[in-house]
Every structure is written in C-alpha cells, then in structure tokens.
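# just need the structure, nothing else, for what follows:
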Amino acid sequence: MKIPRVLVACEHTGAVRNAFIAAGCDAVSCDLLPSTAGLPHYQGDVRDVLALGWDLIVAHPPCTYLSSSGMHWTVRGLRDPKLTTDAIAFAELLWDAPAGATVIENPVGCLSTRSKLGPATQIIQPHEYGHDASKRTCLWIKGLPALVPTQHVAPRLVNGRPRWANQTDSGQNRLAPSPDRWALRSATYAGIAHAMAAQWTPYLKAMH
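Numbering: from 1, shown residues only. Here you go, the predicted model:
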C-alpha cells in the first residue's frame, strides 16, 4: 500500500506534520519561517511545492487580515483593504491546489463570507479534543469527513457562562501582549492535530 503524502502548509511548529508522520504518513511542513520542530520542512514559498502530488494538503493561511478579531482595523480605515483581498486570494490558491483532499484551517472571519470557500464545513473547539481551552476554529474540508470530537473538557462557570483555562472570567484570552503572541495563538492544539491524523489517515490510505 502506498504511503499517503501530506503537505502541511503555513506551519512551522510541526504539530500537524508530526501527528501525520506518527500515523504512518509521509508528511512535510512548509512555511516562510524555519521549523521549530526540525525536519522534514520546506522553508520557502508554498507555491513552490503545491503541485508535487499530495494526497492531502492541510493549510493554515495567515489569519492576520482574515479573522473577525482584526477586521475592525480595516473597517475603520486603519489598514489597506488590499491586505485582506490578498489574504483571501492566497487561501483560495491553497483551496484550489491539486490534491486528493484539502483542509483549510482559520479562525472565524471573512473567508466564510468573502471567498469561494463559502461557509466553513465545521467549527471546532480545543475543549472538544482534550484541552482546557476555548478557540473557535473553522475548518473547510474537501474530500474527507468532518472531524469527530474525541474528549470533552468541561468549563468552569462564571455567572452562568462557560470559561476555560485560557480565558479570563470576562471571556478574554489570558495571553499577555508579546512579540510571539501571534505564534502562540495560531498554533494548532495537539489534540486537534492528533484527531486529524488518526481520523483522516485511514481515508487517505483507502484512496490508493
């Protein structure tokens, strides 16, 4: 049986890549940044490797100009709207790349309303996959089934409202401002990465 080939685009942490390797796939990550988790990693423009015959592309296009949390800067005229237009075009490029299956991951934002991707296939939470954390994350999935939650983590209740460990009592993210805050917030939770690999690898192997 042929080993499934997986490209994890726009990832330098190796979280999703390593999960698929552990599940028996030939997986490589790609990012403009060097990998913080070793090889196999292609440091450079993902366009260089999109057409190399992947069974699955899992892509995490940069969300700075796509997420709802940052769109107020564009709406208020404080940044160039073309930054968002270009970010949407990049996500669509990844979506249209040749592959047996494709998954795009991004926070809740304008991809659902302004791109050819349309509404997200599903919205997942890390607390559905074994983490005491809240982070609504959209998945656009082509050629594979939706993810199935693996382990629910109950929240604490604050005035009747659910809050997880990464949230203050008012619901804000606990991460303090720092130069690497963007990287910490965008990293894929291990439980989600493992669920992707465990649940989707059998489908990839069945493609051959």
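# flag every buried residue along stretch 81-88.
Buried residues in stretch 81-88, counted by 16 or more other CB atoms under 10 Å: 84, 87, 88. The C-beta positions use only the backbone N, C-alpha and C, and glycine is treated the same way.
# which of those fall in helices?
84, 87, 88 (DSSP state H).
# give me the lowest-pLDDT entry from the buried residues of stretch 81-88.
pLDDT across these is lowest for residue 84, at 91.
# hmm, residue 66 and it touching each other?
Yes. Contact criterion CB atoms under 8 Å: residue 84 and residue 66 qualify, at 6.7 Å.
# neighbours around residue 104, how many?
Applying other CB atoms under 10 Å, we find 25 residues neighbouring residue 104.
# sorry, that was for residue 113
Residue 113: 9 neighbours (other CB under 10 Å).
# tell me the pLDDT at it?
Confidence score, pLDDT, at residue 113: 94.
# shouldn't it be within a helix?
Yes. Counting by DSSP: H, G, I helix; E, B strand; the rest coil, residue 113 is found in a helix.
# where along the chain do the helices fall?
Going by DSSP H, the chain shows helices at 15-22, 71-75, 81-96, 111-114, 181-186, 190-206.
# out of those, which one sits most buried?
With neighbours defined as mean count of other CB atoms under 10 Å, those peak in mean count at helix 15-22, which reaches a mean of 23.
# neighbours of the closest residue to residue 84 other than its chain neighbours, how many?
Nearest non-adjacent residue to residue 84, counting by CB to CB, 6 or more residues apart in numbering: residue 65, 4.4 Å away. Applying other CB under 10 Å, we find 23 residues neighbouring residue 65.
# again with residue 109
Residue 109 has 23 nearby residues by other CB under 10 Å.
# you'd agree it is up against residue 61?
No. Residue 109 lies out of contact with residue 61 (CB under 8 Å); the separation is 10.5 Å.
# pLDDT-wise, which helix or strand of the protein ranks last?
helix 181-186 (a mean of 50; mean pLDDT, DSSP states H and E).
# pretty sure residue 144 sits against residue 101.
Yes. Taking CB under 8 Å as the definition, residue 144 is a contact partner of residue 101 at 4.7 Å.
# quick revisit: overlap in contacts, residue 84 and residue 66.
Residues within reach of residue 84 and of residue 66 at once, by CB atoms under 8 Å, 6 or more residues apart in numbering, are residue 110.
# in stretch 152-167, what counts as buried?
Under 16+ other CB under 10 Å, the buried positions of stretch 152-167 are 153, 155, 163, 164, 166, 167.
# next step: those residues restricted to strands.
Those of the buried residues of stretch 152-167 mapping onto strands are residue 163, per DSSP state E.
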